[in-house]
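okay, sequence plus prediction incoming.
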Amino acid sequence: MRTPTIKLIIIALSVLLALGLAEIGLRLSGLRLSASFYELDFVTGWKLRPGATGWYTSEGEALIEINAEGMRDKPRARAKPPGALRVAVIGDSFVESMQLPIEKTFPALMEPSLTQCTGKRSEVLNFGVTGYGTAQELLTYRHKARLFSPDIVVLTVFAGNDLFNNTRDLNPTNADAAPYFRLAPNGALEFVEPFSSGGKPGPVSLWLRDRFRSLHSSLRLVQLATEAYYNWQRRKGRTADQERIVSTFGKEWMEWLAYVPPRGESMRESWIVTQNLITQFRNEVERDGRKFLLVLANNAVQVLPEEVDRRRFAEKYGLESLDYADQRLRQHAISNGIRVVWLAEWLRDLATRERAYLHGFGAGQGSGHWNEAGHRAVAGRLAAALCAP
């Protein structure tokens with residue numbers, strides 16, 4: 001007669017065998033799932049994990065390799081090569097560009113054009129991280145990008161979510177971990193450290209997170225379970241964690257709220273903070289003796305090739321213009337002597353002329369991030385701007 005201990009051992013071995021067979025089955029099926037590329041950071045809230053590798057499949061598909069400096073880029077030395085031109089591009093997922101192989105992303109595509117027009121070896125360094133707002137991008141410059149001695153710093157702002165990322169009340173991306181700047185009573189920017197709401201995770205929590213990331217990067221079964229869990233959490237969180245926002249603005253608030261004059265105190269403050277951060281960013285870069293360029297990234301709907309589709313979206317949400325946010329940021333830049341490239345107008349003309357979708361992959365064509373054609377177009381536009389006198 002089997003003892004309880006033997007029964008438990010048999011059950012455990014059976015479970016391990018079943019999990020092993022499931023893992024083998026997933027691998028043989030060729031199914032690719034997104035790996036884990038991020039870790040917590042006590043400066044910016046989170047960052048790319050140095051040395052992380054794996055597939056990204058959430059939108060597009062690419063094999064991702066994070067370099068030793070925690071950048072979605074090829075290996076980069078901190079010391080700038082003698083006589084080289086070095087450009088640091090800072091931004092969110094539009095810069096990080098997980099959707100495509102690294103050689104097809106706009107920072108990589110810019111390098112040969114800049115080398116040709118300047119006659120110097122040119123390096124365009126990618127400091128983009130998904131979910132970052134302008135506060136995190138400023139901190140990235142202060143604590144990371146400036147260590148690489150760039151000649152030019154390009155700040156890429158995407159109004160479609162940066163205005164939400166820049167305020168705790170509206171931030172849909174890991175809001176408790178993110179750092180912020182808020183308006184002090186005297187009108188100055190006041191820094192709010194990351195993890196200020198729930199407290200910083202302790203050593204045990206960090207160790208467990210690190211062990212989980214190792215499993216997530218190695219096992220497809222863990223990747224599948226994690227993707228299912230986070231999809232459920234996102235659906236749950238939109239109604240639970242942001243119930244107040246939904247009750248005020250409706251379930252689709254993220255589709256339109258950034259493209260109208262500010263509604264509500266949170267959006268009014270976010271606009272002021274965002275504009276002040278852009279000016280402060282420029283001031284710090286120029287104090288370091290470097291050139292600064294502001295780039296206004298576009299939403300997919302702004303550059304749909306068919307005007308009727310753009311108009312239908314605007315009418316659905318009662319928008320007077322799809323360009324309100326960009327135009328306001330552009331005017332702020334011009335008024336403060338900040339050099340700015342507004343991409344939407346230029347890309348819209350290109351998409352209309354060539355009847356081409358510059359965003360989206362497969363069934364998601366016309367939505368999401370820049371696709372291969374979009375990256376080529378952005379690379380050409382930015383290289384021309386940097387090559388101009």
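Yes, it's here. Numbers count the residues shown, from 1 in each chain.

how many residues are close by Arg353?
Neighbour count for Arg353, taken as other CB atoms under 10 Å: 9. (Each C-beta comes from the backbone N, C-alpha and C, glycine too.)

sorry, wrong one. I was asking about Pro82.
For Pro82, the count of nearby residues is 6 (other CB under 10 Å).

same question for Arg244.
Neighbours of Arg244 under the rule other CB under 10 Å: 9.

what does Ile102 give?
Per other CB under 10 Å, the neighbour tally for Ile102 reads 18.

ok, and the closest non-adjacent residue to it?
Distances taken as CB to CB, 6 or more residues apart in numbering place Ala108 nearest to Ile102, at 5.8 Å, with adjacent residues excluded.

could you list the buried residues of stretch 266-273?
For stretch 266-273, burial by neighbour count (16 or more other CB atoms under 10 Å) applies to 266-267, 269-273.

strands along this structure, start to end?
Assignment of strands within the chain using DSSP state E yields the ranges 38-41, 45-48, 53-56, 62-65, 85-90, 122-126, 152-158, 180-183, 189-192, 291-297, 340-342.

for these, which one sits closest to Arg76?
Using CB to CB as the measure, strand 122-126 is the one of the strands of the chain that comes nearest Arg76, at 5.9 Å.

who are the packing partners of that closest one?
Counting contacts by 3 or more CB pairs under 8 Å, 6 or more residues apart in numbering; DSSP states H and E, strand 122-126 packs against strand 85-90, helix 106-118.

starting at the chain centroid, how far to that strand?
Taking the mean of its C-alpha atoms, strand 122-126 sits 18 Å from the chain's own mean (CA atoms, centre = their mean, to the nearest Å).

using PDB, write out every CA atom in it.
Extracted as PDB, the C-alpha positions of strand 122-126 are listed here (Å, rounded to 0.1, in the frame of the first residue of the first chain):
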ATOM      1  CA  SER A 122      27.500  59.100 -37.000                       C
ATOM      2  CA  GLU A 123      25.900  57.200 -34.100                       C
ATOM      3  CA  VAL A 124      22.300  57.500 -33.300                       C
ATOM      4  CA  LEU A 125      21.700  56.000 -29.800                       C
ATOM      5  CA  ASN A 126      18.400  54.600 -28.800                       C
END
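
rounded mean pLDDT for that strand, please.
Computed over strand 122-126, the mean pLDDT rounds to 98.

list the contacts for Asp73?
For Asp73, the contact set (CB atoms under 8 Å, 6 or more residues apart in numbering) comprises 67, 102, 107, 125-126.

please apply the same query to Val87.
With contacts defined as CB under 8 Å, 6+ apart, the neighbours of Val87 are 107, 110, 114, 122-125, 150-154, 386.

one more time with 10 Å, if that's ok
107, 110-111, 114, 122-126, 150-154, 290-291, 293, 382-383, 386 (CB atoms under 10 Å, 6 or more residues apart in numbering).

which among those count as buried?
Among those, those scoring as buried are 107, 110-111, 114, 122-126, 150-154, 290, 293, 382-383, 386 (criterion: 16+ other CB under 10 Å).

so where's the stretch 1-150 of the chain shaky on pLDDT?
1-2, 7-34 (pLDDT under 70).

mind doing that once more with 90?
1-39, 52-55, 58 (pLDDT under 90).

all helices for it, in order.
Assigned by DSSP state H, counting those that start in this stretch, the helices in the stretch 1-150 of the chain fall at 4-29, 93-96, 106-118, 134-143.

and for the stretch 251-389 of the chain?
Here the stretch 251-389 of the chain has its helices, by DSSP H, counting those that start in this stretch, at 253-256, 265-287, 307-317, 324-335, 343-354, 372-387.

what's in contact with the shortest one?
Spelled out, it's helix 253-256. With contact meaning CB under 10 Å, 6+ apart, helix 253-256 is reached by 160-161, 164, 170, 172, 238, 242, 245-246, 249-250, 263, 299, 301, 313-314, 316-319, 322.

need the CA coordinates for that helix. CSV is fine.
Provided in CSV are the C-alpha atoms of helix 253-256 (Å, rounded to 0.1, in the frame of the first residue of the first chain):
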residue,chain,number,x,y,z
TRP,A,253,-11.2,58.4,-23.0
MET,A,254,-7.6,57.6,-24.1
GLU,A,255,-8.7,57.7,-27.7
TRP,A,256,-9.6,61.4,-27.7
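
for the record, mean pLDDT for it?
The average pLDDT for helix 253-256 rounds to 92.

now do the second one
Helix 265-287 shows an average pLDDT of 97 in the prediction.

that one vs helix 324-335, what angle?
Going by axes from the mean of the first three to the mean of the last three CA atoms, to 10 degrees, helix 265-287 is angled at 40 degrees with respect to helix 324-335.

before we move on, back to that, using JSON lines, lay out the helices and strands packed on strand 122-126 together with distance to Val43.
Formatted as JSON lines, the helices and strands packed on strand 122-126 follow (distance: least, CB to CB, whole Å):
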{"stretch": "strand 85-90", "distance to Val43": "14"}
{"stretch": "helix 106-118", "distance to Val43": "22"}
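
so which of these is nearest Leu63?
Smallest distance to Leu63 across the helices and strands packed on strand 122-126 (CB to CB): 14.5 Å, for helix 106-118.
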